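**Q** predicted structure and sequence below. I'll ask about it afterward.
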Amino acid sequence: MDMNMNMTSSTSSNMTSSSSDMSSMGDCKISMLWNWYTVDTCFISTQWHNRTLAAYAGSVVGIFFVAFTLELLRRFTRDYDRAIKKAYYARQEKSACAPFRPTNGQQGFRALCYGVMFGLSYLLMLVGMYYNGGMLIAIVTGAATGYFFAGRDTASEYETPGSRGECCQA
C-alpha cells in the first residue's frame, strides 16, 4: 500500500514538472494533430516562435523556398553528374573503354551536395511533422514548383549517345 502511495506521488510530481516545462516553452501552440495555428506557433525549437501573423507568413514563404531550392539542388547535381561523365568520355579514346568513376574530388563534391540535400529533406520532414496546414501546403507547393522548373530533364531526351558510358558498342 505504501508502494502505491509513492508511485502516485512521483507520478503527480512528474506531471507537475512536465506542466511547468510546457509553460516555459513560451506559450507555443504545438499539436501533433492536423491544425491551422498561425500565431504563437513554434517549429523545431522555441527559437522558431512565430509570435505574429507576419512572422508565420514569413515562415511559410521561407519553407516554400527551402523546398523549391531542394528541387533546384537536385537538378544541379544531375547536371553535374552529366557534365563530369561527358568530360570523362570526351577525353577517352574510342578504342579504350574504361568505365567512368568520379575522382575523389568529384565524389567529395557530390557527397557534399548529397549531404545538403539530405539535411534540407530532413528539415522539411521535421516541419511537416507538426501537421500545420500552412506549412504542409508550403512544402508541397514549393517542391512541386521547384520540380516544374527543374525536373523537366528527367522526362526529356537530354542525354546524347555515349553520355551514359555506351562507348564500347560495336
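**A** Right, received. Where do you want to start? In this text the structure is predicted, and so the values were computed from the model without any measurement.

**Q** work out for me the element Tyr88 sits within.
**A** helix 53-91 (DSSP states H and E).

**Q** and that helix, average pLDDT?
**A** Helix 53-91 shows a mean pLDDT of 95.

**Q** let me know the angle separating the next helix or strand after that helix from helix 53-91.
**A** Heading C-terminal from helix 53-91, the first helix or strand you meet, by DSSP H and E, is helix 104-128. Interaxial angle, helix 104-128 versus helix 53-91 (axes from the mean of the first three to the mean of the last three Cα atoms, to 10 degrees): 160 degrees.

**Q** which of the residues in stretch 39-47 are buried?
**A** Buried residues in stretch 39-47, counting neighbours by 16 or more other Cβ atoms under 10 Å, are found at 40-43. (C-beta placed from N, C-alpha, C; glycine too.)

**Q** centre of the chain to the helix holding Tyr88, how far?
**A** 11 Å (Cα atoms, centre = their mean, to the nearest Å).

**Q** same for it, what does it pack against?
**A** When contacts are defined as 3 or more Cβ pairs under 8 Å, 6 or more residues apart in numbering; DSSP states H and E, helix 53-91 sits against strand 41-43, strand 45-50, helix 104-128, helix 133-150.
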